[in-house]
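Asker: Provide a 3D model corresponding to the input given below.
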Amino acid sequence: MASGGGTIAALWTEVNRCGQSGDFTRALKSVNKILQECRDDVTALNCKVVCLIQNGNFKEALNVIHTHNKVFGSDVIAFEKAYCEYRLNRVENALKTIESASQQTDKLKELYGQVLYRLERYEECLTVYRDLIRNSQDDYEEERKTNLSAVVAALSAWEQAPPEDLGLPETSYELCYNSACTLIGQGRLPEAMKKLQEAEELCRQSLSEDSDMTEEDIDAELAVIHSQMAYVMQLQGRTEDALQLYNQVIKLKPTDVGLLAVTANNIITINKDQNVFDSKKKVKLTNADGVEHKLAKKQMQAIDFNKALLAMYTNQADQCRKLVASLQSQNPGHPRPVLIQVSQLCREKQHSKAIELLQRFSEKHPESASEIKLTMAQLYVVQGHVTKACDILRSIEDLKHKQGMISALVTMYSHEEDIDSAIDVFSQGIQHYQKHQPNLPAHLSLVREAANFKLKYGRKKEAISDLEQLWKQNPKDIHTLAQLISAYSLVDQEKAKSLSKHLPSADKMSFNVDVDELENSHGATYVRKKAAKVTGEILPKEKGPGDIKKKKKKKKGKLPKNCDPKATPDPERWLPMRERSYYRGRKKGKKKEQVGKGTQGATSGASGELDASKTASSPPTSPRPGTAGSSNVVPPRQQKPATSGATRKKPQQKKKKGGKGGW
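Answerer: Reported below is the predicted structural model:
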């Protein structure tokens, strides 16, 4: 027994030494030897769980806790159990373990804050960290302040809650980064960009002091700041700069799968329906293991929406439907999955089915009816059913009295030539503003537009009430008064005369306007002809020979060559030869007497004339000079065919057939 006790003591000494040096693998071996001797030793079991946690074996540590649950009790190892569950992403179980602990230690409170943050219960998390900072004094105060600033940033980004000024010093780049995220949630983008630049400088300064950090390590640490900078650029519309910075982050291949997923998703949103091949490569980065535990629910939701949209843009209809069905099961009241499904149906030219789907969703989820009904109206307009679209728009209670909606409805009714419905829209809008915002600029501008619309379409009687209301608000408005008098002139002329007394006199209405200068100004479309200024009596001016207008001489047309101007031209010269009255056509059935047919050198028809033996005196072989004109013999080549009516065609030459052996 003494030797066994000495062995156990030596093993405990070894465990203590290894624990202080951080060698938890050797410490675990010594603890296992102790447990072989003392199977239910609580301290040894606790040490074993700690060693397993330090080595990252959270599942095995949790198995040890469950196996010896009766030995540990409820509070002895509550922190270790909750921590293992938290690291294994069993966050709900970790919350139950912490809340069931009878004694809330500081380390349990720290873990409680982390669990609440992971569960996105930011208000409770904020209370926990405030209490920790207020009641603890140790070396971890800066880490707690960093976590507190992260909670404030999450409240601003995901819940649009106005941030509280907690007076946190921005002494580290983490605090400065969280402050920038808070500003992004508020929409203060220029200030957020400045904060991110400060965070980058602080990060470089702090990491450059560490001699073990290389430039690549610093760039990897700065990746999250650069990605957030690119996001700010994207929100500002600087998509080219944002895309360049996003790609730089992707090339670094950071180990944080959450950062990679967010960056890749943002690149996909910039690409939209363009550069689809790049988007299909980037979407793989959003499917890494453990991404869902690194990102907030809204981030994962946005990534899933973009996956469905990408499937739609790449014409993967079945994949798009599967993703939409999954999104609808996860977010049954969210309108975006339905809108994606409707977009897919519209791409397939199934507009009626899309409208039915929107109608069912709006009836089932009235809280999202406004956005859905706007989409329904758009689809009706695309199909050409403008009146149905107007009915849908008028059924949206939240928007039907907005000035933009009134303008759209009036325009659509005017397009359909339904003036009565357009006036009814104006009347309902005026009644609404009269009840809630009387005599304010929005109300009066609507009354003005209604009056102008009625006057435009000849409804002067209906415009009287609107014009009277406007004139009472501003009795000095001469234009409104003139319109009112014009309207009353059709209904009550006595009233029109009484109102005309309020018009200013002609002297007061005369304006100091230089008409000549106005007409000569740039943009004048009509200029009055000015009369010449006369200083004396106008005398008729005698016309001189130089004042008579000279007539321009017409040039004679040129005649063609060899034309006899005395001869009368053929009146049918402009007609084709076939259409002229004297055309007799070609004579058919007679052989044409042409020189050159037959054997070479032979003639036909004129052979008798060409026979020299039949002539009275044969000419010499070579004529003497000066005797050619006296000879009555016509050479063969100058002879004409005997038949004057027929025309001769040149014999067509046969084309030589080219062969392989041709010349």
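Asker: Can you get me a residue count around the residue nearest to residue 78 when sequence neighbours are not counted?
Answerer: Nearest non-adjacent residue to residue 78, counting by C-beta to C-beta, 6 or more residues apart in numbering: residue 101, 4.1 Å away. Just so you know, the C-beta spots here come from the backbone N, C-alpha and C atoms, and that holds for glycine as well. By other C-beta atoms under 10 Å, the residues close to residue 101 number 17.
Asker: likewise the one 10 residues further on?
Answerer: The number of residues packed near residue 111 is 21, by other C-beta under 10 Å.
Asker: can you pull the contacts of it?
Answerer: 79, 82-83, 86, 94, 98 (C-beta atoms under 8 Å, 6 or more residues apart in numbering).
Asker: Scan the residues you listed and report the most crowded one.
Answerer: That'd be residue 82 among these, by other C-beta under 10 Å, with 27 neighbours.
Asker: Any idea how far the stretch of helix or strand residue 108 belongs to is from the middle of the chain?
Answerer: Element membership for residue 108, per DSSP states H and E: helix 106-118. Offset of helix 106-118 from its chain centre (C-alpha atoms, centre = their mean, to the nearest Å): 42 Å.
Asker: what's the next secondary structure element after that helix?
Answerer: In N-to-C order, the element after helix 106-118 by DSSP H and E is helix 122-135.
Asker: buried ones in that following helix?
Answerer: The neighbour-count check on helix 122-135 (16 or more other C-beta atoms under 10 Å) flags 122, 125-126, 128-130, 132-133 as buried.
Asker: next one: stretch 23-39
Answerer: In stretch 23-39, counting by 16+ other C-beta under 10 Å, buried: 24, 27-28, 30-31, 33-35.
Asker: one step back: closest to residue 138 among the contacts of residue 111?
Answerer: Top of the list for closeness to residue 138, among the contacts of residue 111 and by C-beta to C-beta, is residue 79 at 16.5 Å.
Asker: ok, back up a step: can you verify my assumption that the residue nearest to residue 78 contacts residue 77?
Answerer: No: between residue 101 and residue 77 there is no contact under C-beta atoms under 8 Å: 10.1 Å.
Asker: about what we covered before: can you add pLDDT and distance to residue 218 and give the buried residues of helix 122-135 back as TSV?
Answerer: Listed next are the buried residues of helix 122-135 as TSV, based on pLDDT from 0 to 100; distance: C-beta to C-beta, whole Å:
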residue	pLDDT	distance to residue 218
122	92	31
125	93	31
126	92	32
128	92	33
129	91	29
130	90	33
132	90	31
133	88	30
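Asker: Export these as CSV, with columns for distance to residue 139.
Answerer: Below are these laid out as CSV (distance: C-beta to C-beta, whole Å):
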residue, distance to residue 139
122, 26
125, 22
126, 23
128, 19
129, 17
130, 19
132, 14
133, 13
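Asker: Of these, just say which sits nearest to residue 458.
Answerer: residue 122 (60.9 Å).
Asker: Isn't the closest one up against residue 151?
Answerer: Yes: between residue 122 and residue 151 there is a contact at 5.5 Å, judged by C-beta under 8 Å.
Asker: Low-confidence ranges, this structure, go.
Answerer: Residue ranges of the chain with pLDDT under 70: 1-6, 74-75, 505-513, 515, 518, 522-554, 587-663.
Asker: so, if you compare the buried residues of helix 122-135, which one comes nearest to residue 494?
Answerer: Nearest to residue 494 among these is residue 122, at 71.6 Å by C-beta to C-beta.
Asker: Out of the contacts of residue 111, the closest to residue 106 would be?
Answerer: residue 79 (10.1 Å).
Asker: What helix or strand is that closest one located in?
Answerer: helix 78-87.
Asker: Let's see that helix as PDB, backbone CA atoms only.
Answerer: As requested, C-alpha coordinates have been extracted for helix 78-87 and formatted as PDB (Å, rounded to 0.1, in the frame of the first residue of the first chain):
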ATOM      1  CA  ALA A  78     -20.700  22.700 -15.000                       C
ATOM      2  CA  PHE A  79     -18.300  25.100 -16.700                       C
ATOM      3  CA  GLU A  80     -16.400  22.300 -18.400                       C
ATOM      4  CA  LYS A  81     -19.600  20.600 -19.600                       C
ATOM      5  CA  ALA A  82     -21.100  23.900 -20.900                       C
ATOM      6  CA  TYR A  83     -17.800  24.800 -22.600                       C
ATOM      7  CA  CYS A  84     -17.600  21.400 -24.400                       C
ATOM      8  CA  GLU A  85     -21.200  21.800 -25.600                       C
ATOM      9  CA  TYR A  86     -20.400  25.300 -26.800                       C
ATOM     10  CA  ARG A  87     -17.300  24.200 -28.700                       C
END
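Asker: So for the helix or strand just after it, what gets flagged as buried?
Answerer: Following helix 78-87 in sequence order, the next helix or strand is helix 91-100 (DSSP H and E). Residues 91, 93-95, 97-98 are the ones in helix 91-100 that count as buried (16+ other C-beta under 10 Å).
Asker: what would these look like in TSV with distance to residue 299?
Answerer: Output for the buried residues of helix 91-100, formatted as TSV (distance: C-beta to C-beta, whole Å):
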residue	distance to residue 299
91	16
93	23
94	21
95	21
97	27
98	25
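Asker: Which neighbouring elements make contact with the helix or strand in which residue 184 is found?
Answerer: Using DSSP H and E, residue 184 falls within helix 173-186. Under the contact definition 3 or more C-beta pairs under 8 Å, 6 or more residues apart in numbering; DSSP states H and E, helix 173-186 sits against helix 141-158, helix 189-208, helix 215-235.
Asker: the inter-axis angle of that helix versus helix 141-158?
Answerer: 20 degrees (axes from the mean of the first three to the mean of the last three C-alpha atoms, to 10 degrees).
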